[in-house]
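Novice: have a look at this prediction, sequence included:
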Amino acid sequence: MNKGYFWQHNRRFNAFTNYCVKRFGERIQKVSVDAGFTCPNRDGTISTEGCFYCNNASFSPSYCNPSKSITQQISEGIDFLNIRYKKAQKYLVYFQSFTNTYKNINVLKNLYTEALSYADVIGLIIGTRPDCIHEELLDYLSELSATHYIVLEFGMETTNNKTLKIVNRGHTYEQCVEALELCATKNVLAGVHLIFGLPYESREEILLRAATLSKLAVHTLKIHQLQIVKGTILETMYKKDPTAFMPFTLDSYIELIIRFTECLNPAIIIDRFAGEVPPRFLAGPSIMKDDTYGYLRNDQILQLIEKRMEEQDTWQGKFY
């Protein structure tokens, strides 16, 4: 694919923000909500411990509270975003916390309908697990997709089953592939999350993952660096054996992201290159805390990545 595919907006990767402008003709903003879901990895169906790196409080906006209605959370979320960012015209509601397909289909329909009924909401992004979807749900989401932008986001995190077991994900890589294939057959867009720096994984293994992911039916991709968050089992694991983890400097992380992106299918839309956790939650080293720049937000890290790509004259899919 010619690099002009995404350079029409002077970007060196296929950015989600530019995809939205191209598709909808204007800037789109995501509004997170917490609909009070749990997870089979927490309620005892698979496990009661959850994923070892997970602390929802570390990434959930303050207005997200399941005691509030979906409508109230969207309203407060838009007010919050209008203060922090330039005001958007349209919104995507992001069902973010825990597993947002893990309820009876009628309950799901009511929640999704309430979100889509809010003025200027044009779609949903639904965070879930590959073992928590089924054909009835996908048939319904396929119907919604005819009039709204709908994306199911799967926490793949890694393609290594050994790593998935170490961090207690409770599913396999093969289940992720099956979920993506099922979404494709139902014409439902699917996104995936990857975490760079999980225990015992090497830089080389992470880079090879770009070719693996490029063959799958992936619409959007979010990449997060592993962050050791307080109150998680991963914090205990890190304190016991820090050598099991790959410590990133800001520079080494930027280089890893660029090398990975060079090998990635340019049709995959990149939604995020780095995660953001408030400093009070951090229990280990983080690229967010840099001696030169101080504490960095993910948008600042994005700027540094794009600057480095420009300096190196490289782009997404250069070696795809």
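Specialist: Looks like it arrived, so ask away. Note that this is a predicted model, so its numbers are computed, not measured.
Novice: in the stretch 151-300 of the chain, which spans are helices?
Specialist: 161-166, 173-185, 203-214, 233-240, 250-262, 298-311 (DSSP state H, counting those that start in this stretch).
Novice: contacting residues around Leu250?
Specialist: By Cβ atoms under 8 Å, 6 or more residues apart in numbering, Leu250 lies in contact with 287, 290, 292-293, 296, 301, 304. Heads up, the C-betas are built off the backbone N, CA and C, glycines and all.
Novice: what does Ile74 give?
Specialist: With contact taken as Cβ under 8 Å, 6+ apart, Ile74 is in contact with 31, 33, 91, 93, 115, 118, 121.
Novice: which one of the helices of the stretch 151-300 of the chain is the most hemmed in?
Specialist: Burial of these is given as mean neighbour count (mean count of other Cβ atoms under 10 Å); helix 250-262 ranks first at a mean of 19.
Novice: that older thread, kindly present the contacts of Leu250 as a markdown table, with separate columns for distance to Glu255 and pLDDT.
Specialist: Converted to a markdown table, the contacts of Leu250 look like this (distance: Cβ to Cβ, whole Å; pLDDT from 0 to 100):
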| residue | distance to Glu255 | pLDDT |
| --- | --- | --- |
| Ile287 | 12 | 88 |
| Asp290 | 14 | 76 |
| Thr292 | 16 | 77 |
| Tyr293 | 16 | 75 |
| Leu296 | 16 | 88 |
| Ile301 | 13 | 94 |
| Leu304 | 11 | 95 |
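Novice: Leu137: which of those is nearest?
Specialist: Taking Cβ to Cβ as the measure, Leu137 lies nearest Ile301 of the contacts of Leu250, at 34.7 Å.
Novice: so that closest one makes contact with Ser286?
Specialist: No: between Ile301 and Ser286 there is no contact under Cβ atoms under 8 Å: 10.9 Å.
Novice: wait, which of the helices of the stretch 151-300 of the chain is closest to Asn55?
Specialist: helix 233-240 (9.0 Å).
Novice: rounded mean pLDDT for that closest one, please.
Specialist: Across helix 233-240, pLDDT averages out at 94.
Novice: for stretch 55-66, same thing?
Specialist: Regarding stretch 55-66, the rounded mean pLDDT is 78.
Novice: next, the distance between the ends of it.
Specialist: 16 Å (Cα to Cα, to the nearest Å).
Novice: change the start of the numbering to 420 and stick with it
Specialist: I'll keep to 420 as the first residue from here, and by that count the last item is stretch 474-485.
Novice: and it, how far out from the chain middle?
Specialist: How far stretch 474-485 lies from its chain's middle: 15 Å, per Cα atoms, centre = their mean, to the nearest Å.
Novice: ok, stretch 730-739 next?
Specialist: 22 Å.
Novice: quick check: closest non-adjacent residue to Pro666.
Specialist: With Cβ to Cβ, 6 or more residues apart in numbering as the criterion, Pro666 has its nearest non-adjacent residue at 5.4 Å, and that residue is Pro704.
Novice: show me what contacts that neighbour?
Specialist: Taking Cβ under 8 Å, 6+ apart, we find Pro704 in contact with 647, 666-667.
Novice: separation between it and Arg588?
Specialist: 23 Å (Cβ to Cβ, to the nearest Å).
Novice: neighbour-wise, which one of the contacts of Leu669 leads?
Specialist: Within these, most neighbours by other Cβ atoms under 10 Å means Ile720, with 24 neighbours.
Novice: which residues touch that residue?
Specialist: Counting by Cβ under 8 Å, 6+ apart, Ile720 touches 669, 672-673, 692-693, 706-707.
Novice: and the residue nearest the centre of this protein?
Specialist: Compute the mean C-alpha point of the chain, and by Cα atoms, centre = their mean the closest residue is Lys641, 4.0 Å away.
Novice: what sits against the residue nearest to it when sequence neighbours are not counted?
Specialist: Among residues not flanking Lys641 along the chain, Arg691 sits closest, at 4.3 Å (Cβ to Cβ, 6+ apart). Arg691 makes contacts with 435, 641-643, 717, as judged by Cβ under 8 Å, 6+ apart.
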